[in-house]
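J.: Coordinates for the following, if possible.
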Amino acid sequence: MSDELQNYQLQLQQVEAALLTDANNEELKKLKIDLEEVIDLTLDLKNKAEEAANLPEYTEPVGIVDEEDEITKSLLAVEEFVARNKTKKIWRVNDTCMAKWNENGQYYEAKIDAIHSNGQVNVTFEAYKNRGVTTLAELKEFTGQKRTLSEAEKLKKGKVNKEYLKKKKLKKQQRFKELEEEREQEKKKWLNFANKAIKTKKTGLTNKSIFASPESVTGRVGIGTCGISGKPMTEFTTAEKWRKGV
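T.: Coordinates of the predicted model:
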């Protein structure tokens, strides 16, 4: 019984150590209580056995048999837990594991990206580099066998990728349309500016024909240099004919 008691105390230490890293684990809390109860009962039985052994004509009480049955059940539960967690993996960032994909509840090879104090774990699935969120309790050790996606899962993933590409294409088309509208507006602004500049230039010029009606009674049609620089109209003298022999 002393060896059993020592074993239970060692198991209790392991559970307490596990609680340091996972303080909110209800299963660990319950098992800690069960172990403490088993240790107390074992100590009590040990003391009773020692006391009874010292009495003359010792006979084992009948009631102890039922009590031992309950203890046996508790011990079996504790031993089962210890067997499950005896080689419990201590996970670290960058470890390779088997993580559950929430889309279908199946486990796939993944790499741990981050471990949070509340037990939440960020992982990246190796097959398609998808990111996911799980918990320490749901992680499993990597067996070395990669599980591939089924055809249905591949089709679903392909559909998701198509939707993503479609949205990306629509976004590019919308941006292209916006750029076209901006260029059209800039074009209109330039045309308006150019037309305005041409009209302004025409307004400052006077195109008048030299054959137009004169503005005064002394003016003459067809003479374009009349009155320029204060000079009067050019006068001509009539040359007389020289008669031969005169």
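J.: For Ile115, list the residues it contacts.
T.: By C-beta atoms under 8 Å, 6 or more residues apart in numbering, the contact set of Ile115 is Trp91, Arg92, Val93, Val121, Asn122, Leu136. The way it works is simple: take the backbone N, C-alpha and C, and place the C-beta from them, glycine included.
J.: for this protein, what are the low-confidence residue spans?
T.: Low-confidence segments of the chain (pLDDT under 70): 1-2, 48-88, 145-162, 176, 179-180, 183, 186-187, 189-246.
J.: per-domain residue ranges of it.
T.: The record's domain parsing of the chain by the TED database lists 1-50, 95-141, 150-188.
J.: Show me which residues of stretch 97-112 are buried.
T.: Cys97, Met98, Ala99, Lys100, Trp101, Tyr107, Tyr108, Glu109, Ala110, Lys111, Ile112 (16 or more other C-beta atoms under 10 Å).
J.: would you turn these into CSV with secondary structure and distance to Arg131?
T.: Below are the buried residues of stretch 97-112 laid out as CSV (DSSP: H, G, I helix; E, B strand; the rest coil; distance: C-beta to C-beta, whole Å):
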residue, secondary structure, distance to Arg131
Cys97, strand, 14
Met98, strand, 16
Ala99, strand, 11
Lys100, strand, 14
Trp101, strand, 11
Tyr107, strand, 16
Tyr108, strand, 12
Glu109, strand, 14
Ala110, strand, 9
Lys111, strand, 10
Ile112, strand, 12
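J.: Which one of these is nearest to Glu27?
T.: Nearest to Glu27, judged by C-beta to C-beta, of those is Lys100 at 18.1 Å.
J.: Which strand residues bridge that closest one?
T.: Under the criterion DSSP bridges, Lys100 forms beta bridges with Tyr107.
J.: Contact partners for it?
T.: Lys100 neighbours (C-beta under 8 Å, 6+ apart): Gln106, Tyr107, Thr134, Glu138.
J.: let's see 10 Å
T.: Gln106, Tyr107, Tyr108, Ala110, Val123, Gly132, Thr134, Thr135, Glu138, Leu139, Lys140 (C-beta atoms under 10 Å, 6 or more residues apart in numbering).
J.: now Ala99
T.: 107-112, 121-126, 132-135, 138-140, 142.
J.: Could you report the distance from it to Glu26?
T.: From Ala99 across to Glu26, the span is 22 Å (C-beta to C-beta, to the nearest Å).
J.: next one: Trp91
T.: According to C-beta to C-beta, Trp91 stands 20 Å off from Glu26.
J.: Next, count neighbours for Arg131.
T.: 10 (other C-beta atoms under 10 Å).
J.: same thing with Glu27?
T.: Glu27: 13 neighbours (other C-beta under 10 Å).
J.: Check the one 10 residues further on too.
T.: Burial of Glu37 is recorded as 14 neighbouring residues (other C-beta under 10 Å).
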